[in-house]
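*Asks:* fold the stuff below for me.
(one chain, ligands or ions: 1)
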Amino acid sequence: MPAPLFKRWAPPKPVAPPVHHEVTKPASPLNTAIETSTAENSPATKEARIESPKSIKKPKKRKYEAEAHEQTEETPKKHKAIFSKFEKVSKLAEARGQREEEEPTDGVEEAEVEELHDLQPMPQPAEVPEPAFEPTFSTLPTWLAQPVTVDASKTLPFAELGVEPFFTKKLEKQGFEDALAVQTALLPMLHPGFEQHLGDICVSAKTGSGKTLGYLLPIIEALKDRAVPTLSAIIVVPSRQLVNQALQVAEELCAGTKIRVGTALGNVAFASEQKQLVKLRAQYDPKAAKELHERASRHFQTGFVEKGGIFDDLKEMPLDHVPRYDSCVDILICTPGRLVEHIENTTGFLLNAVRWLVIDEADQLLNQNFQGWATVLMDALHGDTPVDLMNAQEHIRKRECDANSIWSVALPARRQLTKVVLSATMEKDLTKLGTLKLKRPKLVVVQDEATETQLLHNEENVFGLPSTLEEFAVHVGDGSNKPLHLLHVLLNFVFPGIQSESGAKEDTSDSDSDSDSDSSSSSSSSDSSSENKSDVEKEVSVASHTSRVLIFTKSTESASRLSHLLAVLEPSFKPYLKTMTRALTADASRKLLKSFSTGAIKILIASDAASRGLDIPSITHVINYDIPTSITSYVHRVGRTARAGKYGQAWTLFTRTEAAWFLKQVTKGDSVKRQNKKVKRMEWKESDVTANGKKKTYRAALKQLENAVAGNTEAG
Ligand SMILES: Nc1ncnc2c1ncn2[C@@H]1O[C@H](COP(=O)(O)OP(=O)(O)OP(=O)(O)O)[C@@H](O)[C@H]1O
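*Replies:* Next comes the predicted model:
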């Protein structure tokens, strides 16, 4: 039972001096220390010390004073009042102590005494929980932080979006009934009308969501009645393949109009590409011809004459004629490198009439920025046209501006230029977007409703995957048998039911399922595989199979090696297996992709070069044989399947050393959003993939490959 408050503060009772204390003890420090230690060891003091360390000192001091008062008769008068008070208090404390000893306190009183305890913490109101920190600011500008969002499932008839019947009929013929989500957003923003956005547009929409038609359709509609070609739209894409792909979509839409679509991708000699883009003609203008000849002669005297420039062309002109340059195309689809070459070296290649600049796969293009293409392009677009190449309107504008005429302000604007920047992995990186000199930009984000808040309020880059995509991951140990694991996936999940020529096909029903939480998914997938097997005839040939698989490797060399190994491991694949390498000409790669989309080829092995934009709707499976090097690369690779609402599967083989990055960043990281779906882990025993002599065949195939690399003629 704790002692009452007052008692603890009361000094000890004055005691009668002991007999041997006749002589007053000097108050030496040593004695004080002894006294202190004695007092400290007494039970009362111990109790007080437990209650409060402060309460130890005061009574000791007072005890000493009381003793001193009793023992010394020469107490100064001025301390009398203090001593009398002290005595009163001591008596009071003593009386109370006695009373308490006589009347034992019950629990209620105890509680009351407890309340008087001065060192007990006062009862406090319950803590008000602080709301989690939510920043009310964003480091992003408003247009990036608050994008226009469109639900990925939204579709609308093209006619409702103001598309002319001429084009709606065409689209219907192609099987496009309704506009997809990204198109429902882009068409009104690019069509002239009250919903038109008078500024630039950035678009972030998943792979295979129909971005190409979304930007091409309004441009082609606007140019439909064009009679004389003028370079009005430039579409920049990162690879030759994508140039051809966009060209195909544009040509289908332009059929029946006079719109001319040109390309610049470096597949032909530069001089002939120049002739395809710009036409030189002679214009009768004696005054201008005289001036130009005078300037040309001054230049020829200095010796600094630009080869292939206007003075060079002047030499070819008849008397009193000046060179004039006309564009041969309305829409130019090009790679950035070739575009820069034309801007710098093709006389008369002018961008003064360009009304649309489209940059597709923008994140890749801006990350590479080879030859500083963005800066060169922006200078050409926003800079002044050289005087010799100005059109009539530009000449008038220049004259009025030079004369400081008030009419210069009344002249029509140079032209309305709209930039459309698109990607499935659009990065909110202002330093990169800054090079594009965007004016009044708007960001359009196409996403599933479920992920809306996550994507919008996240300043990090978050990329969505098509909702129709199913992902699988296979751990392949140290990777020494990776080709055999790939073969296992091909035989059992991509081409189920085929008759294996190697006779090495095993049954998946005895494949070991993952024992962790993903095991259900693993077994369910095995089930789906066996369902597939029952769907197709028991033993079908590769030729009649509907699956098409795109296999990604880390380089074109590994693609070639893998192609060789697969052909040896499973000879039935050989006629349907091809490799896409950089060495292929544009024509050869176009033919290859065509036979892949028609089904003449079933397995295409490629490097990352094929990961962007490649649109072959019939691809049913993507396999990452070599793990991608970044999340963006993963998103683009797997996005080659499950396009435009079709079902698709993506498989990734990962080794022990790759597991940490892949599982943490790709399968569980926050950067990839997959609508309550998970990457399914698939596991089987190593013996499953090496059984039936496959290991032996694999070793023989490796040996053959070694010989082939060494140039041994005996190699098969
Ligand atoms: N309105 C539509 N209805 C049905 N299919 C469409 C429609 N518009 C486009 N498609 C089809 O969708 C597929 C994907 O289109 P597209 O290549 O433009 O996608 P993308 O968004 O550019 O993809 P990526 O980011 O991978 O380049 C194409 O095969 C195209 O024919």
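*Asks:* quickly list what whatever residue of the stretch 1-150 of the chain ends up closest to the ligand is bridged to.
*Replies:* Distances between the stretch 1-150 of the chain and the ligand by C-beta to the nearest ligand atom are smallest at V150, namely 13.1 Å. No exception for glycine: its C-beta is placed from N, CA and C like everyone else's. Beta-bridge partners recorded for V150 (DSSP bridges): V446.
*Asks:* quick check, pLDDT for it.
*Replies:* pLDDT for V150: 90.
*Asks:* secondary structure element holding E221?
*Replies:* Under the criterion of DSSP states H and E, E221 resides in helix 211-223.
*Asks:* number of nearby residues for the residue of the stretch 1-150 of the chain closest to the ligand?
*Replies:* As a burial measure, V150 scores 21 neighbours (other C-beta atoms under 10 Å).
*Asks:* next: T425.
*Replies:* 25.
*Asks:* isn't it right up against V462?
*Replies:* No - at 9.7 Å, T425 does not count as touching V462 under the criterion of C-beta atoms under 8 Å.
*Asks:* mind listing the strands for the stretch 351-500 of the chain?
*Replies:* With DSSP state E, counting those that start in this stretch, the ranges of strands along the stretch 351-500 of the chain come out as 356-359, 418-423, 442-447, 463-464, 469-475.
*Asks:* just give the closest residue to L186, not the sequence neighbours.
*Replies:* G214 (4.0 Å; C-beta to C-beta, 6 or more residues apart in numbering).
*Asks:* how about Y647?
*Replies:* Using C-beta to C-beta, 6+ apart, the nearest residue to Y647 is T468, at 5.0 Å.
*Asks:* and the nearest residue to Q371 once chain neighbours are set aside, what element?
*Replies:* Spatially, and ignoring its direct neighbours in sequence, Q371 is nearest to V340 (4.8 Å; C-beta to C-beta, 6+ apart). In the assignment (DSSP H and E), V340 maps to helix 336-345.
*Asks:* out of the strands of the stretch 351-500 of the chain, nearest to P496?
*Replies:* Judged by C-beta to C-beta, the one of these that comes nearest to P496 is strand 469-475, at 14.0 Å.
*Asks:* dump stretch 227-240 to CSV, keeping only the CA atoms.
*Replies:* Coordinates of each C-alpha in stretch 227-240 appear next as CSV, following Å, rounded to 0.1, in the frame of the first residue of the first chain:
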residue,chain,number,x,y,z
ALA,A,227,-5.5,18.9,-104.3
VAL,A,228,-1.8,20.1,-104.2
PRO,A,229,0.5,18.1,-102.0
THR,A,230,2.0,20.1,-99.1
LEU,A,231,3.9,18.5,-96.3
SER,A,232,1.3,18.8,-93.5
ALA,A,233,1.9,16.0,-91.1
ILE,A,234,5.1,14.4,-89.9
ILE,A,235,4.9,11.1,-88.0
VAL,A,236,8.1,10.0,-86.2
VAL,A,237,8.5,6.4,-85.1
PRO,A,238,11.6,4.6,-83.7
SER,A,239,12.1,1.9,-86.3
ARG,A,240,11.7,1.1,-90.0
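*Asks:* what about that stretch, average pLDDT?
*Replies:* On average, stretch 227-240 scores 92.
*Asks:* same question for stretch 440-456.
*Replies:* Across stretch 440-456, pLDDT averages out at 72.
*Asks:* in three-state terms, label the residue in the stretch 51-200 of the chain that the ligand sits nearest to for me.
*Replies:* Taking C-beta to the nearest ligand atom, the ligand has its nearest neighbour within the stretch 51-200 of the chain at F176, 3.9 Å off. What DSSP: H, G, I helix; E, B strand; the rest coil gives for F176 is coil.
*Asks:* how many residues are close by it?
*Replies:* Quick note: F176 (other C-beta under 10 Å) scores 17 neighbours.
*Asks:* so it touches F158, yeah?
*Replies:* Yes - with contact defined as C-beta under 8 Å, F176 counts as touching F158 (7.5 Å).
*Asks:* picking that back up, tell me which of the strands of the stretch 351-500 of the chain sits nearest to the ligand.
*Replies:* Comparing these by C-beta to the nearest ligand atom, strand 418-423 comes nearest, at 7.1 Å.
*Asks:* direction included, what does that closest one pair up with?
*Replies:* Here, using DSSP bridges, strand 418-423 pairs with strand 201-204 (parallel), strand 356-359 (parallel).
*Asks:* coming back round to it: TSV for the strands of the stretch 351-500 of the chain, including mean neighbour count and distance to the ligand?
*Replies:* Listed next are the strands of the stretch 351-500 of the chain as TSV, based on neighbours: other C-beta atoms under 10 Å; distance: least, C-beta to the nearest ligand atom, whole Å:
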stretch	mean neighbour count	distance to the ligand
strand 356-359	23	11
strand 418-423	24	7
strand 442-447	23	9
strand 463-464	26	11
strand 469-475	22	12
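*Asks:* tell me which of those strands sits nearest to F654.
*Replies:* Using C-beta to C-beta, those put strand 469-475 closest to F654, at 6.2 Å.
*Asks:* name the residues that touch the closest one?
*Replies:* Contact partners of strand 469-475, identified using C-beta atoms under 8 Å, 6 or more residues apart in numbering, comprise 465, 485, 489, 493, 525, 638-639, 641-642, 647-656, 659, 662-663, 667, 674, 677-683.
*Asks:* quick one: the residue nearest to Y647 from E177, how far?
*Replies:* The gap separating T468 from E177 is 18 Å, by C-beta to C-beta, to the nearest Å.
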